[in-house]
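Q: the sequence and its predicted three-dimensional model are supplied below.
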Amino acid sequence: MLASRSAARSFLSRSVQRAGATRTMASIDPYADYGKSVFTGRVADEYLKKHGSSGDILKDPSWTKTHSDTVAKAVLDWAVDRGANTYCHWFQPMAASGVRHGMTGQVQNMMMKFNRSTNDVEFDFDGKMLTMGETDGSSYPNGGLRATHQAGGYLALDTSSPIFLRGDTVFIPSAFVSYYGAALDEKTPLLRSNAALSKHGKRLLAHLGLDIGDREVVSNIGLEQEFFLVPRDQYYRRPDLQMSGRTIIGRDAPAGQEMCGHYMAPPSLSNPALACMQEMQDECWRLGIPLKTRHREVAPNQYEFAPLYGYNTTQVDQNLMVMQIIEEVAARHGLAALLQEKPFNDVNGSGKHNNWSIATEDGIMMLHPSKINTATGNPLAFAVIMSAIVAAVNEHGDLMRMSIASPGNDFRLGACEAPPAIVSTYLGDDITFYLSHFKDGKGEGEYVPATKMLDLGTNEVLPFEVPAEDRNRTSPFPYGGARFEFRAVGSAQNVSMVNTVLNTIVAEKFAEFADAIDAGKDVHDLARETLNENWRVIFNGDNYDEEVQQELTDRGIWRIDSGVEAIAQLTAQKNVDLFQKMKVLTKEECESRQHILHDHYTGTVDIEAKCMIDMINQHIIPSVKAAGVGPLSDLQASVDTLKVAIADIHNVESSYKKAQLSRVLRLETMIDIRAFCDAAEEVCPANLWTLATYKELLFLDSHTAVAPENETTFYDE
């Protein structure tokens, strides 16, 4: 396959050409376009000043009531200057993973009206159009919250995430709710959880010695996005990849990831992946999305982007746009991007590590020992906050597991690429030792992270300092210095529910601490008691070890191997009580989301099973017949087995029961049938096998080339 453009054309070179400048040493000029398509900061300030205001008004959410017309005029001017004439309220329907391009919803309207008297076109965009919208709430997954005769769905601008522009369209991040205010989207519960975390975080900070007044406690996240790039012509030869995002059959190639040859290897100029990733970064930078890191991942053709961290709603919105850009740009380079968690068997799947931290609005990091202890004037503030988080993980590990129960994670969790479905937390020996002494009353001092020196015994590389703690990639929720990394999150997920859960369970513990202190409890005694009661959830060892997994299970740590059963925990009484108490979800909203998530799982499996039927009938059986070898009778019987299983699922009324049957079909029946399909591929001559093989899909370095150039392009040009 020849790529459509040379991988040697770097992001920097294109930027320099656009700027009409010659590259100079350390010049920032090539990056002048960064963030110009986002209505925030200096861009918003410039346009708002033209209308007698400034960017400062955007810092107070009340501008939607007091200055909406002014902001609308400024947005219109900015849009026209950037070549846009259309706007949409951009929202996040539920159950979008794997089935909805971009994972968002929108109705695009021109910012114009037509004068009936003169037949002239006039601009038309005011504050009401900017801040509010309406759509059909019944045609999205809603779990019974909407019906065709009660279809109203309402969109309200989210002031926490900036308006942005792409192409000819202005995108207005919005919440999506029913006529009665029930959340129909992913974003609204996250916004509510932010409010709960701030309210109770401020209360606890005040008891620890820091009154932050009107400032908020905020949750910041950084999302590491993994994905695969495969040749697009081979992608078109895989109905399962096209329809479901993963290969439901396929024999392993002679090589996989056994030799660790792909992980962080140099990007190659001989295939289109580098140029593709550069263009993805370029588009994201224009939208103010700082994709700072790119590298090859462990599996062949697997890659990763990582941005700078930021406020959670903004980061979620930006990640959704990153995933959309990844898919769209890949096609322009003759590639197909696979975002599903487990596209290929027997090589690593893809995750989206959710790095979660909390801080005051002005940047005091509550999970950074020295910073929070100094800000509060309390040497034990860090220990108190950590004790609350440990308790939250221990008590609500089931909700954490629920939040990552995406269909693709069925095949990924615990497979030497993601932690198992046992929700413990890694703190490292250093912090664990400190907290152990603290809880047992053996020490009162401040926690000071240790470091150590590594001396390689060389003259050329001098001794250097490293943290005292190693990395534990097997833990689902390890502490990583000022943050926790939720490693089990799936690559195709909208992480709003993940962060809604983290915020809510920690907010509850902050509230319980503040209530107890209000009632006269000593804060340090409370933290010690809490650690003693919840110590079992701390584990610093190898979570992949099966004996260890049994030990953790015996401890009583939350373990839910089935994603379907994890979803069912959403309506457990303790969890409904939690969400209602924190004013994040009502009982009805919990029930509706559980239905939606189970239906999403069932629908995903239904697509996969039907793909398998088509691939057996239209490809594998004809190939086996043509070759005269292979398990023909087993394949023919398998089609009937699949059809019966699908019919049985369709005949069940309960969403929960449908999902349970679907899990059996997917993880038992279809895996058995896959063995027949892969056995057929093994013996069928290559010229008679019509489906793209793993060998053809997974090795860009050896199976693709870039179009030749008139002259060689080097990295430093």
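A: That came through fine. Numbers count the residues shown, from 1 in each chain.

Q: only C-alpha atoms for contact and neighbour calcs from this point on.
A: OK.

Q: now do Thr293: how many residues are near it, please.
A: Residues lying near Thr293 (other CA atoms under 10 Å) number 12.

Q: over to Asp362?
A: 11.

Q: how many neighbours does the nearest residue to it once chain neighbours are set aside have?
A: Closest residue to Asp362 apart from its sequence neighbours, by CA to CA, 6 or more residues apart in numbering: Arg215 at 7.5 Å. Using other CA under 10 Å, Arg215 has 12 neighbouring residues.

Q: where do the helices sit along the stretch 501-650 of the chain?
A: Assignment of helices within the stretch 501-650 of the chain using DSSP state H, counting those that start in this stretch yields the ranges 523-534, 546-555, 563-568, 573-581, 587-615, 621-627, 632-650.

Q: next, format those helices as a markdown table and append mean pLDDT, distance to Tyr179 and mean neighbour count.
A: Listed next are the helices of the stretch 501-650 of the chain as a markdown table, based on pLDDT from 0 to 100; distance: least, CA to CA, whole Å; neighbours: other CA atoms under 10 Å:
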| stretch | mean pLDDT | distance to Tyr179 | mean neighbour count |
| --- | --- | --- | --- |
| helix 523-534 | 98 | 42 | 18 |
| helix 546-555 | 93 | 44 | 13 |
| helix 563-568 | 98 | 26 | 23 |
| helix 573-581 | 98 | 20 | 17 |
| helix 587-615 | 98 | 14 | 21 |
| helix 621-627 | 98 | 52 | 18 |
| helix 632-650 | 98 | 31 | 16 |
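
Q: compare those and give me the one nearest Pro369.
A: Within the helices of the stretch 501-650 of the chain, the stretch nearest Pro369 is helix 523-534; the backing value is 15.6 Å (CA to CA).

Q: elements contacting that closest one?
A: Applying 3 or more CA pairs under 8 Å, 6 or more residues apart in numbering; DSSP states H and E, one finds that helix 523-534 contacts helix 381-395, helix 429-439, helix 496-518.

Q: avg pLDDT for the longest strand seen in the chain?
A: Taking DSSP state E as the criterion, the chain has its longest strand at strand 217-231. For strand 217-231, mean pLDDT is 98.

Q: quick check: next helix or strand after that strand?
A: Using DSSP states H and E, the helix or strand that follows strand 217-231 in sequence is helix 232-235.

Q: can you point out the buried residues in that following helix?
A: Buried residues in helix 232-235, counting neighbours by 16 or more other CA atoms under 10 Å, are found at Arg232, Gln234, Tyr235.

Q: make CSV out of the residues you listed and add distance to Pro467.
A: Listed next are the buried residues of helix 232-235 as CSV, based on distance: CA to CA, whole Å:
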residue, distance to Pro467
Arg232, 43
Gln234, 45
Tyr235, 44
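
Q: nearest to Leu688 among those residues?
A: Distances from Leu688 to the buried residues of helix 232-235, taken by CA to CA, are shortest for Gln234, at 15.6 Å.

Q: need the pLDDT of the residue lying closest to the closest one once chain neighbours are set aside.
A: Nearest non-adjacent residue to Gln234, counting by CA to CA, 6+ apart: Ala692, 5.6 Å away. In this model, Ala692 is scored at 98, pLDDT.

Q: what helix or strand is Ala692 on?
A: Using DSSP H and E, Ala692 sits within no helix or strand.

Q: check contacts around it.
A: Gln234, Tyr235, Arg237, Arg238 (CA atoms under 8 Å, 6 or more residues apart in numbering).

Q: Asn378 now?
A: With CA under 8 Å, 6+ apart, Asn378 has these contacts: Leu208, Gly209.

Q: separation between it and Ala507?
A: Going from Asn378 to Ala507 by CA to CA, to the nearest Å gives 21 Å.

Q: TSV for the helices and strands packed on helix 523-534, including mean pLDDT and mean neighbour count?
A: Converted to TSV, the helices and strands packed on helix 523-534 look like this (pLDDT from 0 to 100; neighbours: other CA atoms under 10 Å):
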stretch	mean pLDDT	mean neighbour count
helix 381-395	98	23
helix 429-439	95	18
helix 496-518	98	23
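
Q: I'd like to know how many residues surround Glu258.
A: A count of nearby residues for Glu258, using other CA under 10 Å, gives 10.

Q: kindly report the same for Asn115.
A: For Asn115, the neighbour count with other CA under 10 Å is 10.

Q: Phe699 contacts Gln302, correct?
A: No. Applying CA atoms under 8 Å, one finds Phe699 not in contact with Gln302, separated by 10.0 Å.

Q: farthest pair in the contacts of Ala692?
A: Counting by CA to CA, the most remote pair of the contacts of Ala692 is Gln234 and Arg238, 7.0 Å apart.

Q: gap between the two ends of stretch 624-631?
A: Distance between the two ends of stretch 624-631: 8 Å, counting by CA to CA.

Q: what comes into contact with it?
A: Stretch 624-631 has contacts (CA under 8 Å, 6+ apart) with Leu632, Phe676, Ala679, Ala680, Val683, Cys684, Pro685, Leu688.

Q: contacts only, for the nearest residue to Ser350 once chain neighbours are set aside.
A: By the measure of CA to CA, 6+ apart, the closest residue to Ser350 outside its immediate chain neighbours is Glu341, 4.7 Å from it. Neighbouring residues of Glu341 by CA under 8 Å, 6+ apart: Gly349, Ser350, Gly351, Gly408, Asn409, Phe411, Arg412, Gly490, Ser491, Ala492.

Q: same check, this time on Met453
A: By CA under 8 Å, 6+ apart, the contact list for Met453 reads Pro463, Phe464, Glu465, Val466.

Q: where in the protein is pLDDT low?
A: Applying pLDDT under 70 to the chain flags residues 1-25, 415-417, 704-717.

Q: and for Ser562, the neighbour number?
A: Neighbour count of Ser562, defined by other CA under 10 Å: 16.

Q: how near is it to Met402?
A: Taking CA to CA, one finds Ser562 at 10 Å from Met402.

Q: same check, this time on Ser198
A: Applying CA to CA, one obtains 23 Å for the distance of Ser198 from Met402.

Q: before we move on, the earlier item: most widely separated two among the contacts of stretch 624-631?
A: Phe676 and Leu688, at 16.9 Å, using CA to CA across the contacts of stretch 624-631.

Q: quick one, helices of the stretch 51-200 of the chain?
A: Under the criterion DSSP H, counting those that start in this stretch, the stretch 51-200 of the chain contains helices at 63-66, 68-81, 127-131, 187-208.

Q: sec struct for Lys352, please.
A: Secondary structure for Lys352, judged by DSSP: H, G, I helix; E, B strand; the rest coil, is strand.

Q: cheers, nothing more for now.
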